[in-house]
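# Here is a sequence with its predicted model. Questions after.
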Number of protein chains: 2
Amino acid sequence: MLGRYIFERGEEKEMEFKGYPEYSSRQPLILKYCLKRPVETYPDDIGIVYRNDAGEYFRFTWRQWHERTCQQAHALKALGVKPGGPFEPGDRVGTMALNHHRHIENIWASVLTGAVSHPINMRLSMDHMAYTITHAEDKVIFFDDSILPLVEALYDRIKDTVKTFVYMSDKPGLPKTKVQPLYEFEELIKQYPKTYDWPDFSEDTYAVLYYTTGTTGLPKGIMFTHRQVMLHVLYGFASMAFRVRRPDDPEPPNENIPMMNIPLFHIHAWGQPFSLVTAASKIVFPGRFSPEAFCQMVQEDKVTSAGMVPTMLAMLLEYPDIDKYDLSSLIAIGTGGGALPLGLKQKAEKKFPLMRAGSGYGMTETLAGVLGSTIRRNMVDWPQEKIDEIMVKTGVAGMGIQVRVVDENGKDVPHDNQAIGEIILRGHWIMERYFKEPERSATAWRDGWFHTGDAAKVDTDGYIIIADRITDVIRSASEMVPTVLLENLTCNADFVLEAAYVGVPDEKWGEIPMALVKRVPGTKQTEEDIMKHLQTEGVDKGKITKWMLPSYVLFTDDIPRTSVGKFDKIAIRKRINEFVSKAKQVRKI
Amino acid sequence: MLGRYIFERGEEKEMEFKGYPEYSSRQPLILKYCLKRPVETYPDDIGIVYRNDAGEYFRFTWRQWHERTCQQAHALKALGVKPGGPFEPGDRVGTMALNHHRHIENIWASVLTGAVSHPINMRLSMDHMAYTITHAEDKVIFFDDSILPLVEALYDRIKDTVKTFVYMSDKPGLPKTKVQPLYEFEELIKQYPKTYDWPDFSEDTYAVLYYTTGTTGLPKGIMFTHRQVMLHVLYGFASMAFRVRRPDDPEPPNENIPMMNIPLFHIHAWGQPFSLVTAASKIVFPGRFSPEAFCQMVQEDKVTSAGMVPTMLAMLLEYPDIDKYDLSSLIAIGTGGGALPLGLKQKAEKKFPLMRAGSGYGMTETLAGVLGSTIRRNMVDWPQEKIDEIMVKTGVAGMGIQVRVVDENGKDVPHDNQAIGEIILRGHWIMERYFKEPERSATAWRDGWFHTGDAAKVDTDGYIIIADRITDVIRSASEMVPTVLLENLTCNADFVLEAAYVGVPDEKWGEIPMALVKRVPGTKQTEEDIMKHLQTEGVDKGKITKWMLPSYVLFTDDIPRTSVGKFDKIAIRKRINEFVSKAKQVRKI
């Protein structure tokens, strides 16, 4: 793979010394060079902690993690998994698994050998899952014992594509199943050597494949190269170095100890499987998220940071036993996958005085986060209230990514905190194209920019505030209703846990807003209290104008969500008549 | 330039959507993408501070810095400076200048337009300077008013190569001189627009050219590409994110405010001209180093960090007026260009209780620092004494660089703090080759590793301790005498400022060690006190063995140095008879 570099150099006429550009100016940005800290600097530190549903703990040093990854690499080779290059992706290695040591070992073993890791999105429908596996042409699938029924149900539709299955379990032995040929994970790898001579190859070799959730049409596959993943990791560390600390912010710890709640198959778990190993940060895997496991593991392993969707954070704050645990080590919570309501942020920080919560934005097409709420040096002395407002904004793009918010003609919207446009992006880790989807790729990439389909406005400081999917925006009298602002405002009320706004079709106005609200358990406030709150905190303070107020309010504990925990506005719209019939009309216009 | 990427992609058979890889997976690592923080995020912050010899201050916001850089870019274009690419370097733009705003603007204007910046090493002899200018084929030279006599002296030897000269001065007007054609800097740039549409080009385009000091033979030129410089910057930020902080270490500031003492023409000023602008860290330029200017500027601009050679640090500590200034903002001093004696480090930290001093290692061939003294997470609770010992070691290589210390057969020396071998390197910002020097390139790059010619040993924790140039090592009875260890030990004595050890030819032993020692002014200790100190602090504590003790000690304030301030062991050896005749023989063996 490196030959082409040397070949190019050979074309240079005065070049008599060919040298070793592959170890210098052209050393490839490939993930094997990320192993330095875990494997060379901190081999004896605990690298991976996993607690299964039964409460059993598994702990591995970085040396052990690497040895097991090497063994898996040999196993992949023995199973016939072939590496790829810049023009032809390597064989795809699918996983259907929760967050645990075997899963992250498998991802690394795949990418380090030049194959493509495909963590299968398990929140899709059966049809869509079968589609992604055959579309990806997964050659092997590694799956959890708990996933066996699902694999059996899919088997007839994927058996012609998938040549081998590997069964991952904390208990020995194989089940009786039609899924064949089937290997038991630990039996498979234990026969292989604990070292592997990781190969060099082009940095444009594909590393990972992820599928979108596919709320519209079939899921779309996206591959990223080693170079893209590496640069995302490096720029992420650079951002860490520039994090601005306010006087009462907690000291950053020498070792970040993250809990990885976001599934490994979801937007690369926000890039963490690569960045955390590269940093040699002890990774705490809860298998699957639950408030009880979360509290238990934070206390046990002194977890310092966690990534969550806002819903997880809301679940955690509702957990009745939360005060029984020592969660004082937790100083940072990052949220994504939905706007962070200001009220939720404030409730979380009230509960954990040392903790700081911030929000971010990314999608499968952007590898991980691309926008984040970060404060600037000049904001150090701002009052907490103003900082809170910044931290729930979607944020700004760091180095490596360029972002604009543009109107329908491709012109930047004014930075007036009002005008809504579409977020468009460029940069090292913005997807190049959808896998085997030239038309859909060309729809997204236009005029040199990737079009996200997400609507946003920009404040006077240049911070982006996400509004909604362009297609989900409420349009009333041809004005865009700022849904997220309304949702945040509503959540600020003490008695409100969550709120979702949708447009109800209306002959006169086009659409009029309806609020679906989940109250804090045990509270008794009424729909009128919502309106009063919106009036005093929103209209009176100039944050919203009167025409934005909802016409309907529905109290419900059952706000439809997508498989990744976001409010599913499409599902809400489908049941709009049902919701309107149950809601209280609070306003006539 | 980007065409080749698209062309390569075009070869992929199933590729119907070409897309915009140049804005995604193949977005080049070029320095224009480093302008985001200074130009977009912090345009109104002060970026550059310069104080000239007369004590006048010049201050520029990042916006102003960028506008002036754009104007210079237009000027370069008007002067006929042409960009290059990966196979052919762009025109070279030479500078003969101290550290000030015009100089760093010029470096950036050159590299952002695809030309090559060549800060001319002004510590070379006249012959060598003339050689580097003609060897580099500098098309334009920008020089300081104070450098005019030098340029005039060189003129006849460089006028056929250099087409244009630009005169940089804090005062208006041009001098009468034979140096022609000559433009006045501010007059030249002020006619041009303050914006520039920075071009995209291949990341393998050459950015900078530096020449070695050339202690042996003619100076060697080394070019680095945009990719190399960018990756050095990025990995440097990553290292910052991983810096381990001990309980009593000062808090890292939100804005690092560095004083740039290292000349811009010396090993890229350790990479700082690129990393500091990228970080939008206010850069404080002293023109040239003096203890008085240093103290004045630290106090005035709240400087937080400074890079120095150990000699500068020693000069600073000797400065009688030092206590008249408030230097409390200074919390980090990095040294390089010579080992940091433990005694000097401790004296500095005693003077400035908040300050932490560390050492590093790099050479022109490695773009900037490649090894640094950093402590690991497990050392956080070590006693200060042990930390001090770590921090004066040459250190370890961070991510992006691989290092080994090997014997004459290319085998790694044991990590026993004893065996001495040669440092060899690989990595993104190790030079690819010497410019137009295939033979010397092939001597340095062998078996896939760059051979530094520096001797070192490795301790049991894997930390490298530089011994000397391989050619400068003292060999006594075929054992290597650890010169740097002896120098550090000697400097630990309260009354010693600096010490250099060299080998005196001896029929019986091959070489026997001699110490050249500079005492603290006003102290009266004798040569015997040196020996007593080495006995009690060295031999008795098992740090050195008796055979390493010097046979001669010479007190002198005139230890020969190279142009970059290191002890010049070659010059010392040339005058060895003179030194021996003045020295006291303290031991007979």
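Arrived safely, thanks for sending.

# Now do the helices in the stretch 151-300 of chain A.
A:185-190, A:226-241, A:272-279, A:291-301 (DSSP state H, counting those that start in this stretch).

# how about the second one, does it reach chain B?
When you say that, I think you mean helix A:226-241. Yes - applying Cβ under 8 Å from any Cβ of the partner chain, one finds helix A:226-241 in contact with chain B at A:227-228, A:234-235, A:237-238, A:240-241. C-beta: built from backbone N, CA, C; applies to glycine.

# who wins for proximity to B:Lys159 among the helices of the stretch 151-300 of chain A?
Of all the helices of the stretch 151-300 of chain A, helix A:226-241 sits nearest to B:Lys159, with 44.5 Å by Cβ to Cβ.

# export the residues of helix A:226-241 next to chain B to a markdown table and tack on distance to A:Cys70, pLDDT and neighbour count?
Output for the residues of helix A:226-241 next to chain B, formatted as a markdown table (distance: Cβ to Cβ, whole Å; pLDDT from 0 to 100; neighbours: other Cβ atoms under 10 Å in any protein chain shown):
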| residue | distance to A:Cys70 | pLDDT | neighbour count |
| --- | --- | --- | --- |
| A:Arg227 | 23 | 98 | 24 |
| A:Gln228 | 24 | 97 | 27 |
| A:Leu234 | 24 | 96 | 26 |
| A:Tyr235 | 28 | 95 | 21 |
| A:Phe237 | 25 | 93 | 20 |
| A:Ala238 | 30 | 92 | 23 |
| A:Met240 | 29 | 87 | 17 |
| A:Ala241 | 31 | 88 | 17 |
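
# Return the member of these nearest to A:Ile466.
A:Tyr235 (21.1 Å).

# which residues does that closest one contact?
A:398-400, A:428, B:234 (Cβ atoms under 8 Å, 6 or more residues apart in numbering or on different chains).

# Go again with 7 Å.
A:398-400, B:234 (Cβ atoms under 7 Å, 6 or more residues apart in numbering or on different chains).

# Neighbours of A:Ser305, how many?
20 (other Cβ atoms under 10 Å in any protein chain shown).

# Nearest spatial neighbour of it, chain-adjacent residues omitted?
Leaving aside its chain neighbours, A:Ser305 sits nearest to A:Ala332 (4.1 Å; criterion: Cβ to Cβ, 6 or more residues apart in numbering or on different chains).

# is it true that A:Met129 touches A:Leu154?
Yes - using Cβ atoms under 7 Å, A:Met129 makes contact with A:Leu154 at a distance of 6.2 Å.

# so how far is the helix or strand harbouring A:Ala455 from its chain's centroid?
Assigned by DSSP states H and E, A:Ala455 belongs to strand A:449-458. Chain-centre distance of strand A:449-458: 17 Å, with Cα atoms, centre = their mean, to the nearest Å.

# which other helices and strands contact that strand?
Counting by 3 or more Cβ pairs under 7 Å, 6 or more residues apart in numbering or on different chains; DSSP states H and E, the packing neighbours recorded for strand A:449-458 are strand A:421-427, strand A:464-469.

# Any idea which of these gets closest to chain B?
Closest to chain B of the helices and strands packed on strand A:449-458, according to Cβ to the nearest Cβ: strand A:421-427, at 4.1 Å.

# Tell me which other helices or strands that closest one touches.
By 3+ Cβ pairs under 7 Å, 6+ apart, strand A:421-427 packs against strand A:401-406, strand A:449-458.

# now the ones you listed as a markdown table including mean neighbour count?
As requested, those are arranged in a markdown table below (neighbours: other Cβ atoms under 10 Å in any protein chain shown):
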| stretch | mean neighbour count |
| --- | --- |
| strand A:401-406 | 20 |
| strand A:449-458 | 22 |
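
# Is it possible to get a markdown table of the ones you listed that adds mean pLDDT?
Below are the helices and strands packed on strand A:421-427 laid out as a markdown table (pLDDT from 0 to 100):
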| stretch | mean pLDDT |
| --- | --- |
| strand A:401-406 | 96 |
| strand A:449-458 | 91 |
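
# and of those strands, who's closest to B:Thr526?
strand A:401-406 (65.2 Å).

# quick revisit: so can I have JSON lines of the helices and strands packed on strand A:449-458 showing mean neighbour count and mean pLDDT?
Output for those, formatted as JSON lines (neighbours: other Cβ atoms under 10 Å in any protein chain shown; pLDDT from 0 to 100):
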{"stretch": "strand A:421-427", "mean neighbour count": "23", "mean pLDDT": "94"}
{"stretch": "strand A:464-469", "mean neighbour count": "22", "mean pLDDT": "78"}
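
# After the helix or strand of chain A with the lowest mean pLDDT, which helix or strand is next? Please name it.
Every helix and strand of chain A was ranked by mean pLDDT, DSSP states H and E. The lowest is helix A:3-10, at a mean of 36. Next along the chain after helix A:3-10, taking DSSP H and E as the criterion, comes strand A:46-51.

# quick one, phi/psi of A:Ile420?
phi -110, psi 140 (degrees, to the nearest 10).

# Please report the distance of it from A:Ile465.
For A:Ile420, the distance to A:Ile465 equals 9 Å [Cβ to Cβ, to the nearest Å].
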